[in-house]
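Visitor: Structure here, sequence nowhere to be found:
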Ligand code: PMP
Ligand code: GLN
């Protein structure tokens, strides 16, 4: 028999699925895969439920229902001061994951170079490679995860088609500041490159930091793609509703990819997401404040247990160095160990690198977007395990 595509066949199962399966098997408290255990805002769920029962449950327009595209444009104006034409510049996708795939397949020509920043979300590299792109990786180093400007500049060339990066950044919880974004923008302009900016955690940001969309920087409006996710902004990760904002010419190949990838996204969930994006400012500030409180709670408890906890400026996650606990194996060993022996699951950070063998092997990522009782149960279990 002929073999299937070699890039895809060579992939393992995503770390989130692997660790969640292990968590189920051992009935551990799952702080691995990033998802809240809250139900999400009632208004948003009620809107989707009502639409499901009483709305039009047939194929919505390919670009998304007008109400959601309008809501995405209004939201971009409210939070980023962007002037977005909902008809030609907004596309609804089945999650940010599809949005990323649409951008990469729509923009990359085989042989194009793509600049990426490690550690990176695990869908990026396989999709870049499957699209024929040649990854040029630049690494952020803990504990500051500062942008290495010289390395980044060296990764760009005339062959660079685009840079793909994420802010606030999973898994290291870094928020890119305006100067760093300005530096990235300068390189894009210098080398005539696009930027695909994964902004799914735009509202999960702490300590009075502000999320800045690269798209708002001078010269970047026409060459940046901004990606958001209702899953993250409304604590409904199973919904898989994402949205892409890009200038009309840039949107065209992205939308053409979408039309043959999924074509549409369930209309009731789109309706719910539109309701969410129109919630008052109070909803979004409370979301960030709640998450910050959870971050503080978990970070403090893990630190008391003996972990070295790295700063987290945004996202659902804290990165921890487990070496002070006296554990000598790899991060993968550690995450399996605490799942099986302590009943708490985390995710190994080396999974966010191209070659885990050449990555730092002493960091575990814990998800804190959980009810206080869930966090307390996890902390209690880890505490009992490591105090023995
Ligand atoms: N990008 C990043 C950085 C993420 O953490 C996630 C979360 N799963 C996604 C994209 C995918 O989002 P979605 O669930 O909307 O596909
Ligand atoms: N983004 C989530 C995380 O980083 C997981 C998403 C997934 O399971 N595909 O944990």
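Guide: Perfect, I can see it now. The structure presented is a predicted model; accordingly, all values stated were derived computationally and were not measured. Ligands and ions are numbered 1, 2, ... in the order given.
Visitor: CA only for contacts and neighbour counts going forward, please
Guide: Noted.
Visitor: Need the residues that contact stretch 345-353.
Guide: Contacts to stretch 345-353, defined as Cα atoms under 8 Å, 6 or more residues apart in numbering, come from residues 15-16, 19-20, 23, 28-33, 118-122, 171, 319, 331-332, 334-336, 338-339, 356-357, 359-361, 363-367.
Visitor: Give me the subset of those residues lying in strands.
Guide: Among the contacts of stretch 345-353, the members falling in strands (DSSP state E) are 29-30, 118, 319, 363-367.
Visitor: Only whichever of the contacts of stretch 345-353 are buried, select them in PyMOL.
Guide: In PyMOL, this line selects whichever of the contacts of stretch 345-353 come out buried by 16 or more other Cα atoms under 10 Å:
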select buried, resi 15+16+19+20+23+28+29+30+31+32+33+118+119+120+121+122+171+319+331+332+334+335+336+338+339+359+360+361+363+364+365+366+367
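Visitor: For ligand 2, tell me which of the contacts of stretch 345-353 show up nearby.
Guide: 16, 33 (Cα under 6 Å from any ligand atom).
Visitor: so where's the stretch 201-350 of the chain shaky on pLDDT?
Guide: Scanning the stretch 201-350 of the chain for pLDDT under 70 picks out no residues.
Visitor: Helices of that one, residue ranges please.
Guide: For the stretch 201-350 of the chain, the helices defined by DSSP state H, counting those that start in this stretch occupy 230-233, 248-261, 267-277, 281-305, 331-337.
Visitor: What residues does this protein have near ligand 1?
Guide: Residues of the chain lying near ligand 1 (Cα under 6 Å from any ligand atom): 95-97, 121, 166, 170, 198, 200, 229, 231, 237, 240-242.
Visitor: In TSV, list these along with distance to residue 142.
Guide: Below are the residues of the chain next to ligand 1 laid out as TSV (distance: Cα to Cα, whole Å):
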residue	distance to residue 142
95	29
96	26
97	26
121	16
166	17
170	13
198	21
200	22
229	27
231	28
237	28
240	31
241	32
242	30
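Visitor: Show the buried residues in the residues you listed.
Guide: The buried subset of those (16+ other Cα under 10 Å) comprises 95-97, 121, 166, 170, 198, 200, 229, 231, 237, 240-242.
Visitor: the strands in this protein, which residues?
Guide: 29-30, 90-93, 113-118, 134-139, 160-166, 194-198, 224-229, 242-245, 308-309, 317-321, 344-345, 347-348, 363-367.
Visitor: tell me what the second one is packed against?
Guide: In terms of contacts (3 or more Cα pairs under 8 Å, 6 or more residues apart in numbering; DSSP states H and E), strand 90-93 is packed against helix 66-80, strand 242-245, helix 248-261.
Visitor: go with 7 Å
Guide: For strand 90-93, the packing partners by 3 or more Cα pairs under 7 Å, 6 or more residues apart in numbering; DSSP states H and E come out as strand 242-245.
Visitor: ok, now the longest one?
Guide: Applying 3+ Cα pairs under 7 Å, 6+ apart, one finds that strand 160-166 contacts strand 113-118, strand 194-198.
Visitor: and the residue nearest in space to the middle of the chain, how far is that from ligand 2?
Guide: For the chain, residue 200 is the residue whose C-alpha lies nearest the centre (Cα atoms, centre = their mean; 5.1 Å). From residue 200 over to ligand 2 the distance is 9 Å, taken as Cα to the nearest ligand atom, to the nearest Å.
Visitor: Residue 2 and residue 44, how far apart?
Guide: Residue 2 sits 47 Å away from residue 44, going by Cα to Cα, to the nearest Å.
Visitor: So which of the two has more stuff around it?
Guide: residue 44 (21 against 4; other Cα atoms under 10 Å).
Visitor: So which residues on the stretch 1-150 of the chain come close to ligand 2?
Guide: 16, 33-34.
Visitor: how about those in CSV, adding pLDDT?
Guide: Output for those, formatted as CSV (pLDDT from 0 to 100):
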residue, pLDDT
16, 97
33, 97
34, 97
